[in-house]
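Chemist: no sequence for this one, just the structure:
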């Protein structure tokens, strides 16, 4: 079978590999869709401290079961499934308190285990142990199901930021995560959603799909001033920084309404993780600043339900579908911001 293997930063190869066999507690799937994201590009360029090469990449996975281990119950060949990416241990103090997104023992598909840029792959028992293998609802395609993983992360972020009825929401960053934030905020009852980006071309592409109440180009206007005018001077109830930008995080504090919430959703570069925060603004406006890190198995299940119900459509966000042989081209498309979502269909 064909796989995409990471060997070193800048060195990823389409290679031949033997088909894997499941262990007694594992499941083998035929990968039908594995979507790409900005993290894949970062791994391609810089590697990752959790990846010991060679490793098959890909973590936004959907496929069809072809074989189950002898100890596996409840699953059979032919079942259509989506696989969680971040795998909590299910046993530590955080997991038993319901905080699986911050499990200190977390492992991940495409990092600790071979991932979905392959024709076949093994879903390890670690996934099944935490109920992380999910049935794809009828009417949901494999490609749509693969987008459940990033939507699950977005769902976690909006739960933490308490996005809800009547909120004015600003989403900074118009990539696939930003688009999902816009759609989920609307599904949760937000009154208005404003989308911000520095890149006019990317902003126009995203806005044409998700139709925010306003699209603000940071390269052409003062973003804080624009948001304050759009909100009649009070600021936004929620600001989500869906971009790896310290400047965006600093701007968020300036455009948030009293008792508003700020989600630092996008992580910052490891060599520049510090931002300037006016603590008095946080204090006197009674602001809440929250982080957001990944998703839990339950978030993945809810994401699939949101897709299946039509509450959060994702099919039109998949702007490119490519075969496994072209996965390196997909990384370039993602890096240049030429797409919303690029899905690989091995």
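Modeler: Cool, got the structure. A quick note: this is a predicted structure, and the numbers were derived from the prediction, not measured. Numbers count the residues shown, from 1 in each chain.

Chemist: so what's the residue count around residue 107?
Modeler: 16 (other C-beta atoms under 10 Å). Every residue, glycine included, has its C-beta placed from N, CA and C.

Chemist: tell me the contacts of the residue nearest to it when sequence neighbours are not counted?
Modeler: Once flanking residues are discounted, residue 107 sits nearest to residue 87: 5.0 Å by C-beta to C-beta, 6 or more residues apart in numbering. Contact analysis of residue 87 by C-beta atoms under 8 Å, 6 or more residues apart in numbering lists 106, 107, 108, 109, 124, 126, 127, 130, 132.

Chemist: how much space between residue 87 and residue 94?
Modeler: 14 Å (C-beta to C-beta, to the nearest Å).

Chemist: quick one, helices of the chain?
Modeler: 38-46, 93-96, 125-129, 142-146, 148-161, 176-187, 200-210, 223-230, 246-254, 279-285, 297-309, 327-335 (DSSP state H).

Chemist: mind giving me the packing neighbours of the second one?
Modeler: For helix 93-96, not one helix or strand is in contact under the criterion 3 or more C-beta pairs under 8 Å, 6 or more residues apart in numbering; DSSP states H and E.

Chemist: so for that helix, mean pLDDT?
Modeler: Helix 93-96 carries an average pLDDT of 97.

Chemist: could you list the buried residues of that helix?
Modeler: For helix 93-96, burial by neighbour count (16 or more other C-beta atoms under 10 Å) applies to 94, 95.

Chemist: that older thread, export the helices of the chain to JSON lines and tack on distance to residue 263?
Modeler: Below are the helices of the chain laid out as JSON lines (distance: least, C-beta to C-beta, whole Å):
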{"stretch": "helix 38-46", "distance to residue 263": "17"}
{"stretch": "helix 93-96", "distance to residue 263": "20"}
{"stretch": "helix 125-129", "distance to residue 263": "27"}
{"stretch": "helix 142-146", "distance to residue 263": "24"}
{"stretch": "helix 148-161", "distance to residue 263": "4"}
{"stretch": "helix 176-187", "distance to residue 263": "9"}
{"stretch": "helix 200-210", "distance to residue 263": "18"}
{"stretch": "helix 223-230", "distance to residue 263": "15"}
{"stretch": "helix 246-254", "distance to residue 263": "8"}
{"stretch": "helix 279-285", "distance to residue 263": "14"}
{"stretch": "helix 297-309", "distance to residue 263": "15"}
{"stretch": "helix 327-335", "distance to residue 263": "22"}
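
Chemist: for residue 102, which of those is the nearest?
Modeler: Closest approach to residue 102 among those (C-beta to C-beta): helix 93-96, 5.3 Å.

Chemist: who's in contact with the closest one?
Modeler: Contact with helix 93-96 is made by 88, 89, 100, 102, 103, 104, as judged by C-beta under 8 Å, 6+ apart.

Chemist: can you tell me which of those is nearest residue 248?
Modeler: Of all those, residue 102 has the smallest distance to residue 248: 23.0 Å, by C-beta to C-beta.

Chemist: relative to residue 171, how far out is the closest one?
Modeler: Using C-beta to C-beta, residue 102 is found at 23 Å from residue 171.

Chemist: residue 275 now?
Modeler: According to C-beta to C-beta, residue 275 stands 18 Å off from residue 171.

Chemist: mind giving me the domain ranges of this structure?
Modeler: Domain ranges of the chain: 2-147+314-344, 152-291, per automatic domain parsing.

Chemist: those domains into a markdown table, with extra columns for distance to residue 302?
Modeler: Output for the domains of the chain, formatted as a markdown table (distance: least, C-beta to C-beta, whole Å):
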| stretch | distance to residue 302 |
| --- | --- |
| domain 2-147+314-344 | 10 |
| domain 152-291 | 6 |
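
Chemist: out of those domains, flag the one nearest residue 298.
Modeler: domain 2-147+314-344 (7.7 Å).

Chemist: circling back to that earlier point, just the buried subset of the contacts of residue 87, please.
Modeler: Buried among the contacts of residue 87 by 16+ other C-beta under 10 Å: 106, 107, 108, 109, 124, 126, 127, 130, 132.

Chemist: looking at these, which are in strands?
Modeler: Mapping the buried ones among the contacts of residue 87 onto strands (DSSP state E) picks out 107, 108.

Chemist: need the max-distance pair from the buried ones among the contacts of residue 87.
Modeler: So for the buried ones among the contacts of residue 87, where distance means C-beta to C-beta, the most widely separated pair is 106 and 124, at 13.5 Å.

Chemist: and residue 58, how far from residue 113?
Modeler: Residue 58 is 11 Å from residue 113, by C-beta to C-beta.

Chemist: repeat that for residue 21.
Modeler: For residue 21, the distance to residue 113 - C-beta to C-beta - is 15 Å.

Chemist: over to residue 139?
Modeler: Distance, residue 139 to residue 113, using C-beta to C-beta: 29 Å.

Chemist: per-residue confidence, residue 154, what does it come out as?
Modeler: We have a pLDDT of 98 for residue 154.

Chemist: need the contact list for the residue most central in space within the chain.
Modeler: The residue lying closest to the centre of the chain (C-alpha atoms, centre = their mean) is residue 150, at 2.5 Å. Contact analysis of residue 150 by C-beta under 8 Å, 6+ apart lists 35, 37, 60, 176, 177, 180.
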